[in-house]
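In: give me coordinates for this.
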Amino acid sequence: QVQLVESGGGLVQAGGSLRLSCAASGRTFSSYTMAWFRQAPGKERELVSGISPSGGSAYYADSVKGRFTISRDNAKNTLYLQLNSLKPEDTAVYYCAANSGYELNVADFHSWGQGTQVTVSS
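Out: I've put the predicted structure just below:
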């Protein structure tokens, strides 16, 4: 297991930017597939973006493609999500998660952070 702590959320106007960070404990961060999920009130948790253990491959949901960028620094045990051109519909709690395998389904992730709120005003 790995412990994850997100930071960087906040209130921003539409069109603005934020950078989320996820600090991981332990020495095996570089072996995990990592991802960002989000959950808006009354909605199911959805995958936003995922990244391979090496950082060489990334996946983006269609709704954020071209606006969000996922990255990781394995030397610093940290995952990032750069959010640009934010829209009110991006408002949600954003969670980082770790998976020992390579799948990107919610059920495959065994470690979760506590979440960070992102609110985009129109």
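
In: tell me the pLDDT of the residue positioned nearest the centre of the chain.
Out: Nearest residue to the geometric centre of the chain (CA atoms, centre = their mean): residue 36, 2.3 Å. According to the per-residue confidence, residue 36 scores 98 in pLDDT.

In: again with residue 53
Out: For residue 53, the pLDDT comes out at 97.

In: that one: how many residues sit nearby?
Out: Number of residues near residue 53 (other CB atoms under 10 Å) recorded here: 18. (C-beta placed from N, C-alpha, C; glycine too.)

In: my read: it touches residue 35, true?
Out: No. The pair residue 53 / residue 35 is not scored as a contact, 11.8 Å apart, by CB atoms under 8 Å.

In: so who does the residue nearest to the centre of the chain touch?
Out: By CB atoms under 8 Å, 6 or more residues apart in numbering, the contact set of residue 36 is 20, 22, 47-50, 70, 79, 81, 94-97.

In: give the bridge partners for it, please.
Out: residue 49, residue 96 (DSSP bridges).

In: and it, how close does it get to residue 27?
Out: Between residue 36 and residue 27 the distance is 22 Å, computed by CB to CB, to the nearest Å.

In: do you know how far residue 79 is from residue 115?
Out: Residue 79 is 14 Å from residue 115, by CB to CB.

In: the more surrounded of these two?
Out: Counted by other CB under 10 Å, residue 79 and residue 115 do not tie: residue 79 has more neighbours, with 29 against 18.

In: just the element for that one, please.
Out: In the assignment (DSSP states H and E), residue 79 maps to strand 78-83.

In: can you give me the buried ones in that strand?
Out: Neighbour-count burial for strand 78-83 flags 78-81, 83 (criterion: 16 or more other CB atoms under 10 Å).

In: counting contacts, what elements does it pack onto?
Out: Under the contact definition 3 or more CB pairs under 8 Å, 6 or more residues apart in numbering; DSSP states H and E, strand 78-83 sits against strand 18-24, strand 33-39, strand 46-51, strand 68-73, strand 92-99.

In: so which bits of stretch 7-20 are buried?
Out: For stretch 7-20, by 16+ other CB under 10 Å, it's 8-9, 12, 18, 20.
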